[in-house]
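K.L.:
just a sequence and a predicted model for now, questions to come.
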Amino acid sequence: MEAITRSFCKEVGHRGIRVNAVAPGSTDTELLSSANTEELMKMYASTTPLGRLGQGWDIAGVVVFLATDEAGWVNGQTIRVNGGMVA
């Protein structure tokens, strides 16, 4: 996905189109909670320096930013929204 993002930004950037990707970390969703035990959910939360799972608004805020003029110089990037989690 990161390579496609960089490639597309080069292909369409001259038309003023910005291409970016958002890579969320573990996010507290119905799907994640229904597929995992409470214990696993706590373990996922503990893998981030912030000690919690992401919420939908954490991800949405970054997406909204990328759609604004303030992000006009952001292009070809993958923004990791993961609470500081490093592999």
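P.N.:
It's in. Keep in mind it's a predicted model, so treat the numbers as computed, not measured.

K.L.:
now the helix or strand encompassing Thr5: average pLDDT?
P.N.:
Here Thr5 sits within helix 2-12, counting by DSSP states H and E. Along helix 2-12, the predicted confidence averages to a pLDDT of 97.

K.L.:
got the CA positions of the next helix or strand after that helix in PDB?
P.N.:
Beyond helix 2-12 in the direction of the C-terminus, DSSP H and E gives the next helix or strand as strand 21-24. Once non-C-alpha atoms are left out, strand 21-24 reads as follows in PDB (Å, rounded to 0.1, in the frame of the first residue of the first chain):
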ATOM      1  CA  ALA A  21      -2.500   6.600   3.200                       C
ATOM      2  CA  VAL A  22      -3.600   6.200   6.800                       C
ATOM      3  CA  ALA A  23      -2.300   3.200   8.700                       C
ATOM      4  CA  PRO A  24      -4.200   2.700  11.900                       C
END
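
K.L.:
just the mean pLDDT for strand 21-24, thanks.
P.N.:
Across strand 21-24, the per-residue pLDDT values average to 97.

K.L.:
helices and strands around that strand, which ones?
P.N.:
For strand 21-24, the packing partners by 3 or more CB pairs under 8 Å, 6 or more residues apart in numbering; DSSP states H and E come out as helix 56-66, strand 78-81. C-beta: built from backbone N, CA, C; applies to glycine.

K.L.:
now the ones you listed in CSV, with mean neighbour count?
P.N.:
Shown next, in CSV, are the helices and strands packed on strand 21-24 (neighbours: other CB atoms under 10 Å):
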stretch, mean neighbour count
helix 56-66, 14
strand 78-81, 15
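
K.L.:
any idea how far Gln55 is from Arg15?
P.N.:
Taken as CB to CB, to the nearest Å, the spacing of Arg15 relative to Gln55 amounts to 34 Å.
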